[in-house]
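J.: here is a sequence together with a model predicted from it:
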Amino acid sequence: MMKEYKFYGWQTADVPAVNEEYKEIKNPRHLYDLLSEIWCADTCAPRMRAGWSKENMTLGQCSITAFLAQDIFGGDVYGILRNGGNYHCYNVIGDCVFDLTSEQFGDEVLSYEKNPVQSREVHFAKEEKRLRYEYLKEELKKSIGGS
């Protein structure tokens with residue numbers, strides 16, 4: 001029996017790694033398991049850090065997680081416009097849609113249709129975000145035995 005996850009799209013998140021560097025990562029569920037040991041207050045968006053906890057470990061992790069998943073699995077990163085003008089990021093690979101950080105919204109239902117593609121150039125123009133992404137990526141490489 002398959003382990004149950006709380007993130008959006010987990011049941012169909014069966015895309016393989018397309019990047020040789022991450023070939024050990026079987027699918028997005030496996031990535032979620034690995035990131036569950038890495039996400040921390042330091043990888044959380046600074047404006048949300050006060051609310052971060054191990055119980056709400058995906059809080060403030062969306063863009064860096066979605067772009068890292070894109071590195072591994074390919075596809076595009078899309079964004080759901082939130083109150084306040086920020087975008088919540090998720091991944092689309094072909095007809096596979098998944099959001100590794102959706103559980104931070106609890107019971108709120110998000111719409112994963114007709115959202116704009118997100119650009120890492122725009123997101124990583126914020127140096128703190130780029131640095132959090134690079135930290136998450138390095139920690140992931142360590143966890144799978146990379147450099």
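T.: Arrived safely. Keep in mind the model is a prediction, meaning the values are calculated, not measured. Numbering: from 1, shown residues only.

J.: now for the host helix or strand of Glu128, which elements pack on it?
T.: For Glu128, the host element (DSSP states H and E) is helix 127-143. Helix 127-143 is packed against helix 28-36, helix 62-73, with contacts defined by 3 or more CB pairs under 8 Å, 6 or more residues apart in numbering; DSSP states H and E. C-beta: built from backbone N, CA, C; applies to glycine.

J.: this protein: strands as residue ranges?
T.: 76-81, 87-93, 96-98 (DSSP state E).

J.: which one of these lies closest to Ala45?
T.: strand 87-93 (10.9 Å; CB to CB).

J.: contacts only, for the residue nearest in space to the middle of the chain.
T.: Nearest to the mean C-alpha position of the chain, by CA atoms, centre = their mean, lies Thr65 at 2.7 Å. Going by CB atoms under 8 Å, 6 or more residues apart in numbering, Thr65 touches Leu35, Trp39, Thr58, Cys89, Leu100, Thr101, Leu136.

J.: most neighbours among those residues, please name it.
T.: Leu100 (28 neighbours; other CB atoms under 10 Å).

J.: report the contact partners of that residue.
T.: Phe7, Pro28, Leu31, Tyr32, Leu35, Thr58, Thr65, Ala66, Ala69, Tyr90, Asn91.

J.: which pLDDT does the model give it?
T.: We have a pLDDT of 98 for Leu100.

J.: and what of the one 3 residues further on?
T.: Reading off the per-residue confidence, Glu103 sits at a pLDDT of 97.
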